[in-house]
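*Asks:* fold the following.
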Amino acid sequence: MNDKKSMKITHISAVEQVCESLKQSILAEEWQIGEKLPSESSLAELYGVNRLTVRMALQKLNTLGVVETKVGEGTYVKKFSLGDIFYDISDFFSSKKPIDEIYSLRMLIEVECCRLAMIHATDHELDLLKKQLDRYLTARKECQEKGTDESIQALVEEDLIFHYHIFRISHNTVYADLFLLIKNIIRQYLLEIIPRKNNLWIEKKYNEDPDKHVIIYNALLEKDLAACKQAYNEALSLNLMKDEKKDS
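*Replies:* Predicted structure coming up:
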């Protein structure tokens, strides 16, 4: 008996059981998206528990994004979005990561999104991407002229939106949701890289014309994956940092 591993009995709380039962009922589409759930008292009677147990189970489902409770109206089944969950936790996922790790992540995911976009993106989606590219280029010009913290922040945001468009027009919802999880990591990368590029541009030690975003956009139009991959590699390359260290 002493040789056997300890096997502890786990007691599942009533809240967990009610929560799991409700979740399975929603997955089985016993209640449709947008449909109102029975009242707390009705659910308490159905499951043979008190109303507090039901309320706590519903609160857990609210947190998971499965249902939505409207004050004075009741609880409704909500369309689940993994992106919403990723967006809510992205700040906790954005602890400082090494630049080379971010580089590897972006090369792996974003080039694949470009490949998918070349297959699935519509003309309308590419038109929207072009409009975002123009907004990015306007912000870039202002950043180069002013070099203020505000102009850098504005450029970073326009840069992020441009790349989010590419994730979306890949028509892979998992990738689009994943962007919401890693966007703060990418923002961290951009906030470190862009000021360095800007300083080198001012000192005439760096020139990025045509801008790599322009090359990426044109590569998408021409369905040229090799050109797209090369543009990403050059845009995300660590050589810029190495060159800067040599000059210092």
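
*Asks:* check which helix or strand covers residue 163.
*Replies:* helix 149-169 (DSSP states H and E).

*Asks:* buried sites along that helix?
*Replies:* 151-156, 158-160, 162-169 (16 or more other CB atoms under 10 Å). All C-beta atoms are positioned from the backbone trio N, CA, C, and that covers glycine.

*Asks:* what lies in contact with that helix?
*Replies:* 110, 113-114, 117, 120-122, 125-126, 128-129, 132-133, 135-136, 138-140, 142-143, 145, 175-176, 178-179, 183, 186-187, 190-191, 194-195, 198, 213, 216, 220 (CB atoms under 8 Å, 6 or more residues apart in numbering).

*Asks:* now these: which count as buried?
*Replies:* Using 16+ other CB under 10 Å as the burial test, the contacts of helix 149-169 include 110, 113-114, 117, 121, 125, 129, 132-133, 136, 139-140, 142-143, 175-176, 178-179, 183, 186-187, 190, 194-195, 198, 213, 216, 220 as buried.

*Asks:* ok, then the element right after the helix holding residue 163?
*Replies:* helix 173-202.

*Asks:* got the angle for the next helix-or-strand element following that following helix vs helix 149-169?
*Replies:* Remark: after helix 173-202, the chain's next helix or strand is helix 212-222, criterion DSSP H and E. Interaxial angle of helix 212-222 relative to helix 149-169 (axes from the mean of the first three to the mean of the last three CA atoms, to 10 degrees): 20 degrees.

*Asks:* begin at 40 from here
*Replies:* Noted, 40 is the first residue going forward, which turns the last one into helix 251-261.
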